[in-house]
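J.: Sequence plus predicted model, see below.
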Amino acid sequence: MENIDLFAKLGDLLKPYKKLSKDNFMNAKIIYPTGKVLEIASMKDHASLEWMQKTVGGLIEIVTLTKGDHQGQVMVINESGKLLGLPTNKLASQIHNNHTDNVDEIVGKAILLESKFIK
């Protein structure tokens, strides 16, 4: 039977992850029209177009938030949500209206994440 140094093996396996910090994780919030907020942390370095489209249920529109504590973040919404008759998202609308120069009604699910994760 071969003598294996388990700690050395474990160290080798974890080498690629030693440089990870909380800044390397994509943190996103999915805001539902019901007011429910789902927080997501991922080891990915960006949000894929496919994931964003699947989450909001169609083509995406990206809104840059420019004011307050959400400055540097974006909100991803369904580009055709109003035409599709998606339900009003009061929380996402409030965040949008308080953190941009525009006033608008956000409908359907919205994704809130830092702009650096959009590529």
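T.: Yep, that arrived. Numbers count the residues shown, from 1 in each chain.

J.: Quick check: chain neighbours aside, which residue is closest to the one residue sitting closest to the centre of the chain?
T.: Centroid check for the chain by CA atoms, centre = their mean gives A28 as the closest residue, at 2.9 Å. Leaving out its chain neighbours, the residue that sits closest to A28 by CB to CB, 6 or more residues apart in numbering is L113, at 4.0 Å. The C-beta positions use only the backbone N, C-alpha and C, and glycine is treated the same way.

J.: And the average pLDDT for the host helix or strand of the one you found is what?
T.: Element membership of L113 [criterion: DSSP states H and E] is strand 110-114. Mean per-residue pLDDT for strand 110-114: 94.

J.: What residues sit buried inside that strand?
T.: A110, I111, L112, L113 (16 or more other CB atoms under 10 Å).

J.: same question, stretch 89-97
T.: So for stretch 89-97, counting by 16+ other CB under 10 Å, buried means N89, L91, A92, S93, I95, H96.
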